[in-house]
Structures are given as structure tokens and as C-alpha cells.
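[1] The sequence and its predicted three-dimensional model are supplied below.
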Amino acid sequence: LKINFNRVTKTPKVFELTLENILFSGKLYQKKSHQVILEGAYNGLLSLHCDRCGIAYQEEITSPLVLRLTDEISGAKDDLDIIEFLDGIIDITYILQSELNAQKESYNYCNDCSNKDDIEIEL
Ligand SMILES: [Zn+2]
């Protein structure tokens, strides 16, 4: 799902996207020149692998997501909540995919393992 940056106005534009059993919905609106706000939430069943025993399992996730998007170089490299789309195309699929990948790359434990006492969860 891609939306042209220049087509987003101050009137919120709603979007909805499903990826890997996750529904991502929300709205986009222009905050100021070269800056668009994405306000949304995603929920669904995420397929994960347990970092302890290796089995595949699914976990229900639900999370709000608020991001600032820009079509120019923001200059704020330490600001993690701003995402640059320098070609002027907002790629919502990419945003969701990045979120899901971040979840998958963190430590995940299946129900059996997370109920055991001897786990050290490293942050
Ligand atoms: Zn496990």
C-alpha cells in the first residue's frame, strides 16, 4: 500500500492494510509542509519462533503506532519516530513490515517456556 506524499492533506486520509494476519489501520494527515502524521494501530496473530525451544507459535499482538513521516532529510538522526520517504511515496506496507520484523527480532518465548522460572530475559 503506497500513498503519494503530496496527496496527503490536513483532512485525515484513512487506510487499512493486512499483512501476515495482521490488520493495520489508521489515518494520515498533513501536520505542516513536508511532514505527515500517521496515527494507527495494528493487531492480529503474529507468527513467531521461540528463542528457547525453537518451536513456531502464534501470538496475538495489538499495538498503537504513531509516526511522523517526511519527504525530506529530517536532520534529526537520533529521532527514531520520524521516517523519511525521500522519493515522496509513503510505503505503508514497509512501515508495518518494519514493525513486525522488530517484534520478531526481539526475544520471544512460547507459552511453555515463558512459564518456566529459569529464563533470563536479556534486554
Ligand atoms: Zn519455547
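    Structure received.
[2] Contacts only, for Glu84.
    Going by C-beta atoms under 8 Å, 6 or more residues apart in numbering, Glu84 touches 69-74. (Glycine included, C-beta is placed from N, CA and C.)
[3] The ion contacts on the chain?
    Along the chain, the residues adjacent to the ion under the rule C-beta under 5 Å from the ion are 50, 52-53, 110, 113.
[4] CA-only coordinates of the top helix by length along the chain in PDB, if you can.
    In the chain, with assignment by DSSP state H, the single longest helix is helix 92-105. Taking Å, rounded to 0.1, in the frame of the first residue of the first chain, the C-alpha atoms of helix 92-105 are listed here in PDB:
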ATOM      1  CA  ILE A  92       2.600   1.700   4.500                       C
ATOM      2  CA  THR A  93       3.400  -1.900   3.800                       C
ATOM      3  CA  TYR A  94       7.100  -1.200   4.500                       C
ATOM      4  CA  ILE A  95       6.100   0.600   7.800                       C
ATOM      5  CA  LEU A  96       4.100  -2.400   9.000                       C
ATOM      6  CA  GLN A  97       6.700  -4.900   7.800                       C
ATOM      7  CA  SER A  98       9.400  -3.000   9.800                       C
ATOM      8  CA  GLU A  99       7.300  -3.100  12.900                       C
ATOM      9  CA  LEU A 100       6.700  -6.800  12.600                       C
ATOM     10  CA  ASN A 101      10.300  -7.500  11.900                       C
ATOM     11  CA  ALA A 102      11.300  -5.600  15.100                       C
ATOM     12  CA  GLN A 103       8.900  -7.800  17.100                       C
ATOM     13  CA  LYS A 104      10.300 -10.900  15.500                       C
ATOM     14  CA  GLU A 105      13.900  -9.900  16.200                       C
END
